[in-house]
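1. sequence and computational prediction follow.
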Amino acid sequence: MSFIKDGKNIISHLDTYYNESVQKEKKVIKQLTIDALHEKLNLSLHLENGDLTAEKLDAFVKTYLDNTTRLHHPGYFAHQVGVPHSTGALGSFIDGFTNNAMAIYEMGPAAAAIEFFMINYLLKKIEWEPMPTDIKKRLTFDHGAGVLTHGGSIANLTALLTARNHMDNSIREEGNSSDLAILVPDTSHYSVAKAAGIIGIGENNVIRLETDANGRVIISKISNAFQTAVNKGKRIVTLVANACSTGTGLYDPIDEIADICKEKGVWFHVDGAHGGAALFSDKYKPYLKGILKADSMIIDAHKMLRTPTICAALLVKNAATLDHTFEHTASYLFHDKKQPGFDFIGQAIECTKAGLGLKFYMTVAAIGEKGIEAYIDHTFDLTRQAYEYIRTQPDFDVPVTPESNILCFRFNASDAVQIMIRDYLIEKGDFYISSTELNEKRYLRIVIINPETKMNDIKALIASIRNAAAN
Ligand SMILES: Cc1ncc(COP(=O)(O)O)c(C=O)c1O
C-alpha cells in the first residue's frame, strides 16, 4: 500500500524541514508569485494525471515545504500563530484521516469525549464548575460549558450570540431590534466588531471604552461608555475586555471590570484568544485576576498552546446560556436517541465540526502541563528581556512595557521607514516580523512565540534592522 510508504516519506521530509528551520539553514519566509508556485508545484499536471503518489508526491511535498513560511525558525516573530508541536500535528493528521465530524457524538465518540475533557480542563483552570459527564445531570446544578470552534473569531461570535440571546431570548426568532450595543476597547481584535456586524448589532453600535496611552481600558472612564449607551437608548449586550490585546499584548483590568459589569447586570466577555494561555502559568496568571467573575471567555489553543491551527475554545460560566443560544431543530440530528455521549452540535455555529480537541489534547499531553507552563514563562520572560535590551539602544524607542510575549518598538525614523524595514527583512528572509499602529504612529511588532528563540536572535534582529535602515 502506497499509504505507508508515502506517509513515511512525508514524515521524513517534515523532520528535515523541522531541523533545517530550527538550525536556520533555510529562510523563515520566502514568497514567490502565484504563477511561479503554480508552475513549480505542477498543479495542473497532477490534476490532469491524477498521479500524486510515490516520487511525484515526494517532489511535490519537497517543493511545497520549500515554499512555506517556517514557524519553527527562531527568526519567526510575526503573527500570533503557534509553533506547532509535532505530536499535535500528528493529531491533525489522525483527525484528517478519520474525518470524525464529532459535533454529533455518534460521528466521533473519542473525538467528542476528548473535546468534552478539554473543555472541562479549561473550565477548571478558570475555576468554573466543569460539565457533568453524565449528560442527564446537565443543567441540574450550576456548572460551566463550552465548545471548541474553528478559530477565535468564531469563538467571539458565539460568545456575542450567547450574550445577546441571554439578554433577550426573543431575538433569535424575531430578529434584532435596533437598540443593541456592545462596549469594547478600541484595542480589541477586529473580530469583535465584525461579530457585532454579523449578528446584526451593527458595527456602528460598538461603543468604545476609553483606553490609556497604551491601549488598556481606563476603569474610571467605563461609566462614560455606559452613559453613551443610555443616551443613545441602547441595551448593552456585553462588555468585552482584552486578555491580552492584539497590538500591544496588554491585559485589561479584568477584576475591576468584572465588578462593574456585575453591578450593571451586563454580560462580561473576556477575549483571551492570545493571553488566556496565562492560565497555565503560576507566574503570569495574576494578569487574569478576577477571570472567574466573567461570564464568558475565549482561548485560542493555536496561538499560545502550541496546537496546530485551528482550535479555539469558547467557555461560559453558566451552561444554560450556551445551551439556549442555538435552539434550532434539525430533526435528523436532534431526535430522541439512545446514546452514551454528548452532541456538541447544540452549542456550535458549525454543523460539521472537526475533532479539534484531539490535536489540542495531544499537544498538551505530549509537552505536559509543566512543559506548557515553562514555554509560556520562557516566551513572556524573554519578551521582558528583549524590552530591557531594546530600550537601552539609543536609536530605538519602546513605548510599552510588555506583559505578555508581544512587543512593539520603533527605529528612530519615519513611519515609512518602519514599513521599509519590515519589507527589507522579509525580502532577506532571516526574520519575519509584523508591524502595527499605536497612537497614530507605525511600530515594528514582534511576537516571541517560538520556543527556540533566544536572546541572541533578538540581538541579531536589532542588528538587521539597523542594517535595513542603512540600506
Ligand atoms: C485578541 C484576539 N482575539 C481574537 C482573534 C481572532 O482569532 P482567530 O484568528 O483564531 O480567528 C485574535 C487573532 O489574532 C486575537 O489576537
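-> Arrived safely.

2. nearest residue to the residue in the chain positioned nearest to the ligand other than its sequence neighbours?
-> Relative to the ligand, the nearest point of the chain is residue 152 (2.5 Å; CB to the nearest ligand atom). Just so you know, the C-beta spots here come from the backbone N, C-alpha and C atoms, and that holds for glycine as well. Spatial nearest neighbour of residue 152, chain neighbours left out: residue 273 (3.7 Å); criterion: CB to CB, 6 or more residues apart in numbering.

3. which residues does the residue of the chain closest to the ligand contact?
-> 189, 191, 271, 273, 298, 300, 303, 312 (CB atoms under 8 Å, 6 or more residues apart in numbering).

4. any chance of the backbone angles for it?
-> phi -70, psi -30 (degrees, to the nearest 10).

5. then residue 441?
-> Dihedral angles (degrees, to the nearest 10) for residue 441: phi -120, psi 150.

6. how many residues are close by the residue nearest to residue 205 when sequence neighbours are not counted?
-> Once flanking residues are discounted, residue 205 sits nearest to residue 181: 4.3 Å by CB to CB, 6+ apart. For residue 181, the neighbour count with other CB atoms under 10 Å is 22.

7. the one 10 residues further on now?
-> Burial of residue 191 is recorded as 21 neighbouring residues (other CB under 10 Å).

8. wait, it sits on residue 153?
-> Yes: with contacts counted by CB atoms under 8 Å, residue 191 reaches residue 153, the gap being 3.8 Å.

9. state the next helix or strand along the chain beyond the host helix or strand of residue 446.
-> Here residue 446 sits within strand 441-447, counting by DSSP states H and E. Using DSSP H and E, the helix or strand that follows strand 441-447 in sequence is helix 455-470.

10. distance from that next one to the middle of the chain?
-> For helix 455-470, the distance from its own C-alpha centre to the chain's C-alpha centre is 28 Å (CA atoms, centre = their mean, to the nearest Å).

11. now the strands for this protein?
-> 145-149, 180-185, 206-209, 235-242, 267-271, 296-300, 312-316, 396-397, 406-411, 434-438, 441-447 (DSSP state E).

12. paired strands for the shortest one, with orientation please.
-> Right, the one you point to is strand 396-397. strand 406-411 (antiparallel) (DSSP bridges).

13. the fifth one too?
-> Strands adjacent to strand 267-271 in the sheet, as given by DSSP bridges, are strand 235-242 (parallel), strand 296-300 (parallel).

14. show me what counts as buried in stretch 345-362.
-> 345-350, 353-362 (16 or more other CB atoms under 10 Å).

15. mind picking the two most distant members of these?
-> 346 and 362 (25.7 Å; CB to CB).

16. what's the burial count for residue 213?
-> Count around residue 213 with other CB under 10 Å applied: 9.

17. state the distance from the closest residue to it other than its chain neighbours to residue 415.
-> Counting by CB to CB, 6+ apart, residue 439 is the residue found nearest to residue 213 once chain neighbours are left out, at 6.4 Å. Between residue 439 and residue 415 the distance is 12 Å, computed by CB to CB, to the nearest Å.

18. could you do residue 155 as well?
-> 33 Å.

19. the two: who's more crowded?
-> A count of neighbours by other CB under 10 Å puts residue 155 above the other of residue 155 and residue 415, at 30 against 14.

20. contacting residues for that one?
-> By CB under 8 Å, 6+ apart, the residues touching residue 155 are 149, 273, 298, 300, 312, 313, 314.

21. near the ligand, list only the ones from these.
-> By CB under 6 Å from any ligand atom, the members of the contacts of residue 155 lying near the ligand are 273, 300, 312.

22. and those as TSV, adding pLDDT and neighbour count?
-> Shown next, in TSV, are those (pLDDT from 0 to 100; neighbours: other CB atoms under 10 Å):
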residue	pLDDT	neighbour count
273	98	29
300	98	28
312	98	27
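
23. turn the residues you listed into a markdown table, columns for distance to residue 291.
-> Converted to a markdown table, those look like this (distance: CB to CB, whole Å):
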| residue | distance to residue 291 |
| --- | --- |
| 273 | 14 |
| 300 | 16 |
| 312 | 17 |
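
24. scan the helices and strands of the protein for the one with the lowest mean pLDDT.
-> Ranking every helix and strand in the chain by mean pLDDT, DSSP states H and E puts helix 171-174 at the bottom, with a mean of 92.

25. show me what counts as buried in that helix.
-> 171, 172.

26. contacts for that helix, please.
-> So helix 171-174 is in contact with 164, 165, 177, 325, 326, 327, going by CB under 8 Å, 6+ apart.

27. how far does it sit from the chain's center?
-> Centre to centre, stretch against its chain (CA atoms, centre = their mean), the figure for helix 171-174 is 30 Å.

28. what do you get for stretch 156-166?
-> Mean C-alpha position of stretch 156-166 versus that of the full chain (CA atoms, centre = their mean) differs by 18 Å.

29. mind listing residues that contact it?
-> 147, 149, 171-172, 176, 180, 182, 189, 191-192, 194-196, 198-199, 201, 237-238, 240, 267, 269, 271, 273, 295-296, 298, 314, 316, 321-322, 324-326, 347-349.

30. ditto for stretch 460-471
-> Under CB under 8 Å, 6+ apart, the answer for stretch 460-471 is 75, 77, 389-390, 393, 395-396, 411, 413, 417, 420-421, 424-425, 428, 430-431, 433, 444, 446.
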